[in-house]
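# sequence and predicted model, in that order:
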Amino acid sequence: MTRIAKTTEIWENVDRDTFLKTIKPRARPAILKGLVGHWPAVAKGRESAAGLAAYIGGFYNGVPAPLFEGAPEINGRFAYKADLSGFNFESKRAPLNELLDWLIDNLDSENPPAKYAGSLSLATYIPGFAQENSALDLIPASSVIQSIWIGNRTCIAPHYDNPENLACCVAGHRRFTLFPIEQMKNLYIGPPDMTPAGQIVSLVDTRAPDLDQFPLYAEAEAAGEIAELEPGDALYIPSLWWHGVESLSPFGALVNYWWRDVPDYFAPPMHTLLHALLSLKDLPPQQRTAWKSVFDHLIFEENGDPLAHLPERARGAYGGLTPEIADYVRTYLARSLTR
């Protein structure tokens, strides 16, 4: 059981105006109580797990889905092997209805394997579900990734996502363990080039942290918070907030909405991090420090607008990104990276 005492703030009767003008500008996690309680899927789940499984299965189009399974010995925690040589679970593609049937058949099993289908695109695997169950009217973006997670008792390691995130609990109970990005230094990240699902994750088991092995995690705990969701609740997770996710029920389902607050022609910041590996990380310390000053001035604008003294026509790419300028920069980078 987590030792984090702080709980995420709960908001009742949230509408679009409240979300956009009050909750989102705070850039902190927020539980939106009962936000999707009116969904047909939530109603089905409240009646029975079997009813919800049949409801979801009714939309399934037969496309093999990514499924993940760990032995009972992992206690639901999908993570690395002890020696970091690989992962403690297996993944495959298989029909989603096989997982749904298995979950219903094992609702009362005392110590079953941990199984889930992760980040399934609603449009790709269960088209039609989103038309009956939607929270898009809350989201200020034209491009939104809509996904579903289905499984039994599982524990996903703390990680961060670049997009904004609205996580809607459809069935079962969920516990999120959340940390601001500043705590990354205390979360003991795993191998960045070998991740369970593409995102850097923490090595700490937040349910039972080993402070002898990970002593700095105590500082992360002090800054962390816990969000507990019931069916119908949603959790807003701002960009770059670390979050671990526990499914606490033998049958759980959660729908995610991911979006960015910039147009699609903006590149993901992770690309910049990768470029930095090629160009900055191994420079002599004095040069790294000097380049940090350049970034602080031109990109992070710590001293205000660095080009305020220039007329608009002379600011070029640094004066503001447009689709045309973005294409120019991408072309330049592609050519410069060709050896």
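Alright, I've got the coordinates. Numbers count the residues shown, from 1 in each chain.
# C-alpha only now, for contacts and for neighbours.
Noted.
# for residue 18, give its distance to residue 201.
32 Å (CA to CA, to the nearest Å).
# so which of the two has more stuff around it?
The residue with more neighbours, out of residue 18 and residue 201, is residue 201; 27 against 13, by other CA atoms under 10 Å.
# for the closest residue to that one other than its chain neighbours, which residues are in contact?
Nearest non-adjacent residue to residue 201, counting by CA to CA, 6 or more residues apart in numbering: residue 159, 4.6 Å away. Residue 159 is in contact with 199-202, 242-244, counting by CA atoms under 8 Å, 6 or more residues apart in numbering.
# residues contacting whichever strand or helix holds residue 177, please?
Per DSSP states H and E: residue 177 is located in strand 174-179. By CA under 8 Å, 6+ apart, the surrounding residues in contact with strand 174-179 are 158, 206, 220, 223-230, 241-248.
# run the chain-centre distance for it.
Distance of strand 174-179 from the chain centroid (CA atoms, centre = their mean, to the nearest Å) equals 11 Å.
# that strand pairs with which strands?
strand 225-229 (antiparallel), strand 242-247 (antiparallel) (DSSP bridges).
# which of those sits closest to residue 264?
Among the strands paired with strand 174-179, strand 242-247 comes nearest to residue 264, with 23.4 Å by CA to CA.
# and that closest one, what's buried?
Within strand 242-247, the residues that count as buried by 16 or more other CA atoms under 10 Å are 242-247.
# who does the following helix or strand past it pair with, and is each partner parallel or antiparallel?
Downstream of strand 242-247, the next assigned helix or strand under DSSP H and E is strand 252-259. Looking at strand 252-259 with DSSP bridges, its partner strands are strand 145-151 (antiparallel), strand 164-171 (antiparallel).
# hey, C-alpha coordinates of the very next helix or strand once past the shortest one in CSV?
Same thing as strand 145-151. Counting by DSSP H and E, the element after strand 145-151 in chain order, helix or strand, is strand 154-159. Output of strand 154-159 as CSV, limited to C-alpha atoms (Å, rounded to 0.1, in the frame of the first residue of the first chain):
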residue,chain,number,x,y,z
THR,A,154,-2.5,-4.9,-12.9
CYS,A,155,0.1,-2.3,-11.9
ILE,A,156,1.7,-0.1,-14.5
ALA,A,157,4.9,1.6,-13.5
PRO,A,158,5.1,5.4,-13.1
HIS,A,159,5.8,7.1,-16.4
